[in-house]
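**Student:** show me how the following folds:
(chains A and B)
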Amino acid sequence: MISTTVRGASKPWLLLLPLVLFLSAFFLVPLVQVAMMSVTEPEPGFGNYAHLAEDALYLQVFLNTFLTALGVAVCCLLLGYPLAYLMAQSSPRVAALLMLLVTMSFWTSFLVRTYAWMVLLGNNGPVTALLALLGWDPAPHLLFTRFSSTLAMVHILIPYMVMSLYSVMKRIDPALLRAAESLGAKPWSVFRQVYLPLSAPGMVNGATLVFMICLGFYVTPVLLGSPQEQMVAGLIGTQIEEFLDFGQASAMAMVLLASTLVVLTVYHRRFGLDRLWG
Amino acid sequence: MSKDIDKSGDKTGDEPAAQGWSRRSVMKVAAGAMGALAMPAVVRSAQAAEVLYVNTWGGTWEKAAVKHLFEPFTKETGVEIRTVSPVSFAKLAAQVRTGVYEFDVTTLGGGDIVRANAAKIIDPLAGSPLASAGLWKDAVFENGVASHAFSTVIAYRTDRLPKGGPQNWADFWNRQEFPGTRCLQRYCARVLPLALLADGVPQNKLYPLDTERAFRALERIKPDLRVWWTQGQQSQQLLRDGEVDMIGIWHSRALELIDQGHPVGISWTQAEIDRAYWVVSKDSPRREIAWKFIQSAVQPERLAGFCREALYGPLNPAAFEFIPKEESDRMPTGPRNYPLAFEQNVKDFGGNLQKVTQRFEQWLAS
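**Tutor:** The predicted model follows:
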């Protein structure tokens, strides 16, 4: 009896214990604290949430955050799909090489990649120089615009999209495509009527992942974006650093968390959470 | 027999002795090794009361502080100083809330010290060793001790403005005369007075601020304000890389660029002074030492050394005795520049700073 308990052979869930303890201590407890702060500071009640609903700034920033996340997800999909398709069609060696290229940007820190964009898109940077050379005069300001922050976020998030797509595309049976061809479908029809629907789960997975991660982006929009297009995480930072308003910041964090959970719930209902990571 | 016994006794006495010796030597080695491991801990606990944690701005600031303020203090008192960066007002508030002290001493700016004092997160000066120390006039403010100052000055790219850059804030606001991109710090309390000066409000009538008028004035240059800086480093990079043509920037950052040979000009007229005050984190377990450190850090000679190296202006007037003229001309509180500059009235700001800041953020995002 004792030995089986000690070995834990009959209780495999014991293996989860370290992770559960870790998450409780460093994630759940602080999260509950944040939730508490949002309804207790500066005074008990839902004043912070009411304020969020009333203030035009918050609504605007939340709306902007969602639109930006949506835009980034769509851009990632448009750019990532052809790449994932190419990888799925290539020989394993080429696919591995392409995958390496995609994941390579994972090895560089967020901040470095963000600063790299600052150098590239700056007034004295190569992109501006190229545009000026092509006769665009005066060359446009690229930095500190919605364009620059979206570009950088797409760059950072596209690996998630490519991996989601690739893992689904890899499993599409080529026999189905050949069958469609042999039944007389033109290449475009094969793609549209067979391949695209079969790869749809990857598109949904990737878009959901990118969208959710993007909702909480902080550094990139703060450093590259325009002051007119703030995102929620940046505003939460301002609330704490500038106003010491822990209550308001907590309420905003809870709303952000709730929005993410809503997205996840919708996804779960439609597709099942277990499929999110391919 | 007895000899034998003695001998054997000697022997047996020897052997264990030898063994004991070897055992002792082993133990000595072991003790030594353990000592090597344990010593720092012992020293640390013995000196637990003799360590002071100072919150610093890192970089040049910390380098200058270590050399001119921390090391002399350690030499004098034996108190070791450990530094924690970066300076965070939020952390100061959080550590009083949680009771976990990451630092005992920090510096706060004028606006922050009023906030901190009101929030009771800094230690009251009354009852501290410094209360009767006899500091200079105006040294103490809101339970902080004035140390050094920096100023927000106008700096510009001389290559983009070859005929000369803006010399005062009215020039900075003049888009016809001085076309180009502009940048200011994303810090409402510092920006609104500049907008009012630009709009023609006399320096001595700035406070309490007419916020409505300030926002109207800001609106005039909004199209040229493509970016707002939040970090000193960032402001420097924006000017160095030519991302902006004119900027309201801390004087030290602009001087560094000029010293590095970048095409940058600076105007000391209407420089906006920001004072830094040493404060002690409320209820810190090392508050006594903390106050003693502060007393030593504002001594004229040490403060002069710190300010010369970190490009600040000392607030203890006696410090200028240790500063040559060509250097005091690069300081906002120096005899040449101080009459050109203006001080902020952090206590009579004109309205609720938080509300105004919120409006400022809203205005930025719109």
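**Student:** which bits of the stretch 151-300 of chain B sit near chain A?
**Tutor:** B:181, B:186, B:225-228, B:230, B:234, B:241-243 (Cβ under 8 Å from any Cβ of the partner chain). Heads up, the C-betas are built off the backbone N, CA and C, glycines and all.
**Student:** redo the residues you listed as JSON lines? Include secondary structure, pLDDT and neighbour count.
**Tutor:** Shown next, in JSON lines, are those (DSSP: H, G, I helix; E, B strand; the rest coil; pLDDT from 0 to 100; neighbours: other Cβ atoms under 10 Å in any protein chain shown):
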{"residue": "B:Thr181", "secondary structure": "coil", "pLDDT": "94", "neighbour count": "21"}
{"residue": "B:Arg186", "secondary structure": "coil", "pLDDT": "91", "neighbour count": "19"}
{"residue": "B:Leu225", "secondary structure": "strand", "pLDDT": "93", "neighbour count": "17"}
{"residue": "B:Arg226", "secondary structure": "strand", "pLDDT": "88", "neighbour count": "18"}
{"residue": "B:Val227", "secondary structure": "strand", "pLDDT": "91", "neighbour count": "25"}
{"residue": "B:Trp228", "secondary structure": "strand", "pLDDT": "93", "neighbour count": "18"}
{"residue": "B:Thr230", "secondary structure": "coil", "pLDDT": "86", "neighbour count": "16"}
{"residue": "B:Gln234", "secondary structure": "helix", "pLDDT": "88", "neighbour count": "18"}
{"residue": "B:Asp241", "secondary structure": "coil", "pLDDT": "90", "neighbour count": "16"}
{"residue": "B:Gly242", "secondary structure": "coil", "pLDDT": "90", "neighbour count": "16"}
{"residue": "B:Glu243", "secondary structure": "coil", "pLDDT": "91", "neighbour count": "25"}
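**Student:** most widely separated two among those?
**Tutor:** Spatially, the most separated pair among these is B:Arg186 and B:Gly242, at 20.2 Å (Cβ to Cβ).
**Student:** the lowest-mean-pLDDT helix or strand in chain A: what's the following helix or strand?
**Tutor:** Using mean pLDDT, DSSP states H and E, the weakest-scoring helix or strand in chain A turns out to be helix A:2-7, at a mean of 50. Reading on from helix A:2-7 to the C-terminus, the next helix or strand found by DSSP states H and E is helix A:17-23.
**Student:** for B:Arg216, what are its contacts?
**Tutor:** Neighbour list for B:Arg216: B:Asp199 [criterion: Cβ atoms under 8 Å, 6 or more residues apart in numbering or on different chains].
**Student:** quick one, domains of chain B?
**Tutor:** B:48-148+B:275-332, B:150-274+B:342-365 (automatic domain parsing).
**Student:** and the first one, how far out from the chain middle?
**Tutor:** Put simply, domain B:48-148+B:275-332 sits 8 Å off its chain's centre (Cα atoms, centre = their mean, to the nearest Å).
**Student:** I'd like the residues of the stretch 151-300 of chain B next to chain A laid out as TSV, including distance to B:Ser151.
**Tutor:** Shown next, in TSV, are these (distance: Cβ to Cβ, whole Å):
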residue	distance to B:Ser151
B:Thr181	22
B:Arg186	18
B:Leu225	20
B:Arg226	24
B:Val227	21
B:Trp228	19
B:Thr230	18
B:Gln234	18
B:Asp241	23
B:Gly242	23
B:Glu243	22
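**Student:** of the residues you listed, just say which sits nearest to chain A.
**Tutor:** Ranked by distance to chain A (Cβ to the nearest Cβ), those are led by B:Val227 at 4.3 Å.
**Student:** ok, that closest one touching B:Gln185?
**Tutor:** No: applying Cβ atoms under 8 Å as the test, B:Val227 and B:Gln185 come out as separate, 10.9 Å apart.
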